[in-house]
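Visitor: prediction below, plus the sequence it came from.
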Amino acid sequence: MSSFHVGGKVVERVDLLRKKHWAWRLDVWPFAILYVLWFTIVPSIDIADAAIVLGGLVALHILVWLFTAWSVNFKCFVQFSKVHDIHLADACKITPAKFSGSKEVVPLHFRKQLEGSSSLGDREEIYFDFRKQRFIYSKEEETFCKLPYPTKETFGNYLKITGHGSEGKVVAATEKWGRNVWVKLPGTDLLPGDVVSIGRSSGPSGEDKSVPADMLLLAGSAIVNEAILTGESTPQWKVSIMGRGTEEKLSIKRDKSHVLFGGTKILQHTPDKTFPLRTPDGGCVAVVLRTGFETSQGKLMRTILFSTDRVTANSWESGLFILFLVVFAVIAAGYVLKKGLEDPTRSKYKLFLSCSLIITSVIPPELPMELSIAVNTSLIALARRGIFCTEPFRIPFAGKVDICCFDKTGTLTSDDMEFCGVVGLNDGMNLESDMTKVPVRTVEILASCHALVFVDNKLVGDPLEKAALKGIDWSYKSDEKAMPKRGGGNAVQIVQRHHFASHLKRMAVVVRIQDEFLAFVKVWAPETIQDRLIDLPQSYVDTYKKYTRQGSRVLALAFKSLPDMTVSEARSLDRDVVESGLTFAGFAVFNCPIRADSATILSELKNSSHDLVMITGDQALTACHVASQVHIISKPALILGRARHPEGYEWISPDEAEKSITKVGALSETHDLCIGGDCIEMLQQSSAVLRVIPHVKVFARVAPEQKELIMTTFKTVGRITLMCGDGTNDVGALKQAHVGVALLNAVPPAQSGNSSTEISKDGNPKFIKSKKSKPTSEVAGKSSNLNGEGSMKGKVVAKSDSSSPLVGNRPQTAAEVQRQKLKKLMDEMNEEGDGRSAPIVKLAERPHPNIFCFYVFLSLMGQFSVHLFFLISSVKEAEKYMPDECIEPDSDFHPNLVNTVSYMVSMMLQVATFAVNYMGHPFNQSITENKPFLYALLAAVGFFTVITSDLFRDLNDWLKLVPLPPGLRNKLLVWAFLMFLVCHTWERLLRWAFPGRIPAWRKRQQLAEANLGKKKNV
């Protein structure tokens, strides 16, 4: 078997290869034969011809060698051979999953597996390492699988773990999982299965040390800052697994409250002194689950480094366009070669040189500098507005974007929550914002059922819970006691917390008020707790849906009285007991204000033919309301949900007045569609992702990996995507999008002469923008004082002062001198007040996204025909006034009427090309508004008129231009005017006939669906 189908998120297919002996490689033995043949024929041919042949051979050899570096498939063809037996292979070609980077050739390793002792076992392990992950060959599955880690055992097994007891087991574990790579010294030696003591610790400079690996808490609790992974500054409370059933299996996604993730920082820890295993340093007891690049931080790094191909300026369109020009160059070179060979006296060396120059002139030598100046000019313009780019050649993609996707919380809306009041009391649907009229029990639940904690004498936690505490005017003390700030209410002492669980959508606390014990429950998804209430109000569902449809976040509150018991008995109560048989205590209603500029900017994007999409973790009704406020949806909305009768799914309007089971394509013409994360899972199982997702406008309750799936689906159907988010949980989507815009919380420091740095939240998005910077409509055309630097990986905008002639006491290299000159040139081009073709602030119609379209092709061919006709007519007319003479191809230049007319005509053609193809409105300033360009055009036209009219004979003599006959002069001026008029009219006609449009993606969607169906049938 020469290839294996892996089908994972990272690797799609593995092909077995064996490296050829160096002498039998296709870049060695064929050229060795050719070089030998060249040596045998050298004596029989001219030395110049022999040198030309040798130069061609060497150039071809170098090209073949370079292609092995440019193309993995070509490298495999030249240097490797396919094998069918895995034991004969020494390398493998890895084909990544779609949109996960490019192919690679990696070595294949064989080793004897250690069986937990110093003795060698008989088992052989075959594996390869790809992008910091190890894949092992499984004989049972007959394919390669990811290296397994102990992350899905039962809680009882984890509690029995005693670590790696012997040196042999340590060696075997090191062989299997490798050394840990996150922190120096002891942290590097951690292995999965180690039992460790973990707590808050500081480095030499006083900063908190990071957790070195993913660990499961066996005993104790900790407060952890997970901002590096989630982007949220709210500390998270981690508790041990002591209260969980011993037969339950660990699920890291579900049981995040028990896991300390690698890279996070412990702000505070509390050891469990009752746990049988005591720690010498008073830390919490934990077992290591994953190390290295398999930790959560490692996965984040792999997403940043390997999730997509690195973008360069060498797009397929550029290649095709250059190939298009090469065809004309080859025709011209062939004509010169044919005519040259007809003349036996002409030097073959000069003829070969002329043909080479014709072909190589297709790519002008100044083109790379022009591209660099264009990109860097864009970078400087973005930096002035507080936008820092880490992948410069993503900028051209930004001009082709046709669909913009936005996260909601923190991006379109504010991070701050506002407590509005309580609703649902006494079967009423009116909001009560006066807390003195709200039942005391409801207020006590809001005051105590939360995860707020004190860290370094400062109250930290979820902004929603802090807003609730502020709204009811209560205070919370470090001894876990809540008290009213005013009045004579009773203090609420928290006895035991059952922390928020994402799969349950709720949290609970056991409290003591005076001598009475109670259970308080707060539910983030009110629909999930109805069966646990003993007195469900009739208006329960209508009430919470009413406020959810208004864009509010609604939390259900409930409580129950507990019998008399001791504190230790209260702490040992099972969670299911605490959260059953509850009495409803109302709904807490919160609002998340929409940013002031969100609606304006999104409306402008929509008016400029950009499709808008919202991707959020919020509830569907809330998401639809916010989407309607910011112009993402304008048609009636329909939400995909489970049908009650019969089983299945159906589209339901937010007010449940309209239902439909129409096909998605037809439904999207009349409605804006919304689906949730659970529906995306259903679509994946039924292979309907490509059929539904491209038509959806709002995605609710989605996980980070589902955001990435949405981006890849849009790309599959041919959309050019932009993703805007503010959290590290958006990194996958930001990297998969053609353009990723990450918003930062911090305001960059004021501009100064010193260098400053600003690191993005997710490590390496394509663009980084300050949240506090002004919107585009406000800052366009102004110089921003924001200062900073993009991610060091991109090295795009460096503000450090490097103008000194010596860097590090060494002379500057030529490259550094060139870089400084280029930087100085760009600084001059971008000085404040410089008016070089400034863009129009307001977005309008779309430019054409592709080079190869009817507009570009017809414009190019039309203008080319007119220019060619003008040139040929002018030269033919000049030949009438010129006596016959023999012009030697390689002779020295001497002025005559033909080359004089050719010079004048070519100059006018260049001026006409600039004037006719200048875009102007609605993208740039018009020619009349762009004064420097207007003056340059007028000066060129005036210069042409002067030299054609022969007003200054000395000037024409200095330019080596011969006098023109009066008849030819007048014809040249009239023809030049007519040429410009025809080209201008043709260009304006084509712009009217072929306006820019969003690329058609529905055909691409149907084609992608058909290809998926073919793969399934195979």
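Guide: Sure thing, it's come through. Small disclaimer: the values here were computed from a predicted structure and weren't measured. Numbers count the residues shown, from 1 in each chain.

Visitor: spatially speaking, which residue is in the middle of the protein?
Guide: Per CA atoms, centre = their mean, the C-alpha nearest to the average position across the chain is that of residue 735, at 2.1 Å.

Visitor: looking at this, it is in a helix?
Guide: Yes: assessed with DSSP: H, G, I helix; E, B strand; the rest coil, residue 735 lies in a helix.

Visitor: okay, now the unreliable bits of the stretch 901-1018 of the chain?
Guide: Judged by pLDDT under 70, the stretch 901-1018 of the chain has its weakly predicted residues at 996-1006, 1009, 1012-1018.

Visitor: quick one: the helices in it?
Guide: Using DSSP state H, counting those that start in this stretch, the helices of the stretch 901-1018 of the chain run over residues 931-949, 953-958, 966-993, 1002-1017.

Visitor: possible to save those as TSV with distance to residue 853 and mean neighbour count?
Guide: All C-beta atoms are positioned from the backbone trio N, CA, C, and that covers glycine. Output for these, formatted as TSV (distance: least, CB to CB, whole Å; neighbours: other CB atoms under 10 Å):
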stretch	distance to residue 853	mean neighbour count
helix 931-949	26	15
helix 953-958	43	12
helix 966-993	11	16
helix 1002-1017	15	13
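
Visitor: could I get these as CSV with distance to residue 503?
Guide: Compiled in CSV, these are given as follows (distance: least, CB to CB, whole Å):
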stretch, distance to residue 503
helix 931-949, 62
helix 953-958, 85
helix 966-993, 56
helix 1002-1017, 31
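
Visitor: between the ones you listed, which one is nearest to residue 599?
Guide: Shortest distance between residue 599 and the helices of the stretch 901-1018 of the chain, using CB to CB, is found for helix 1002-1017: 28.7 Å.

Visitor: excluding covalently adjacent residues, which one is nearest to residue 277?
Guide: Sequence neighbours aside, residue 285 is the residue nearest to residue 277 in space, at 5.5 Å (criterion: CB to CB, 6 or more residues apart in numbering).

Visitor: tell me the spacing between that neighbour and residue 149.
Guide: According to CB to CB, to the nearest Å, residue 285 and residue 149 sit 19 Å apart.

Visitor: higher neighbour count, these two?
Guide: residue 285 (23 against 17; other CB atoms under 10 Å).

Visitor: where's the more buried one, which helix or strand?
Guide: strand 284-290 (DSSP states H and E).

Visitor: now tell me what touches that strand from outside.
Guide: Contacts with strand 284-290, where a contact means CB atoms under 8 Å, 6 or more residues apart in numbering, come from 149-151, 158, 161, 190-199, 213-222, 240, 252, 259-260, 262, 269-272, 275, 277, 279, 298.

Visitor: at 6 Å what do you get?
Guide: Under the contact criterion CB atoms under 6 Å, 6 or more residues apart in numbering, strand 284-290 has outside partners 149, 151, 158, 161, 190, 192, 194-196, 198, 213-220, 222, 269, 271, 275, 277.

Visitor: tell me the helix or strand right after that strand.
Guide: helix 296-306.

Visitor: after that following helix, which helix or strand is next?
Guide: Helix 296-306 is succeeded, C-terminally, by helix 316-341 (DSSP H and E).

Visitor: packing partners of that next one?
Guide: Contact here means 3 or more CB pairs under 6 Å, 6 or more residues apart in numbering; DSSP states H and E; on that basis helix 316-341 packs against helix 348-360.

Visitor: which parts of the helix or strand that the helix it packs on is followed by are buried?
Guide: Downstream of helix 348-360, the next assigned helix or strand under DSSP H and E is helix 367-383. Neighbour counts over helix 367-383 (16 or more other CB atoms under 10 Å) mark 375-379, 382-383 as buried.

Visitor: which one of the residues you listed is nearest residue 654?
Guide: Residue 654 lies nearest to residue 382 out of the buried residues of helix 367-383, by CB to CB, at 38.4 Å.

Visitor: and stretch 470-489, C-alpha only, in PDB?
Guide: What follows is stretch 470-489, C-alpha atoms only, in PDB (Å, rounded to 0.1, in the frame of the first residue of the first chain):
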ATOM      1  CA  LYS A 470     -23.600  46.900  41.300                       C
ATOM      2  CA  GLY A 471     -27.200  47.000  40.100                       C
ATOM      3  CA  ILE A 472     -28.600  45.600  43.400                       C
ATOM      4  CA  ASP A 473     -26.300  47.800  45.400                       C
ATOM      5  CA  TRP A 474     -24.700  45.000  47.400                       C
ATOM      6  CA  SER A 475     -21.100  44.400  48.300                       C
ATOM      7  CA  TYR A 476     -19.000  41.200  48.300                       C
ATOM      8  CA  LYS A 477     -16.200  40.500  50.800                       C
ATOM      9  CA  SER A 478     -13.100  38.400  50.600                       C
ATOM     10  CA  ASP A 479     -14.500  36.000  53.200                       C
ATOM     11  CA  GLU A 480     -17.100  34.900  50.600                       C
ATOM     12  CA  LYS A 481     -19.900  36.900  52.200                       C
ATOM     13  CA  ALA A 482     -22.400  39.200  50.400                       C
ATOM     14  CA  MET A 483     -24.000  42.100  52.300                       C
ATOM     15  CA  PRO A 484     -26.300  44.900  51.300                       C
ATOM     16  CA  LYS A 485     -24.700  48.400  51.300                       C
ATOM     17  CA  ARG A 486     -27.800  50.000  52.700                       C
ATOM     18  CA  GLY A 487     -30.700  48.800  54.800                       C
ATOM     19  CA  GLY A 488     -30.900  46.000  57.300                       C
ATOM     20  CA  GLY A 489     -30.800  42.900  55.100                       C
END
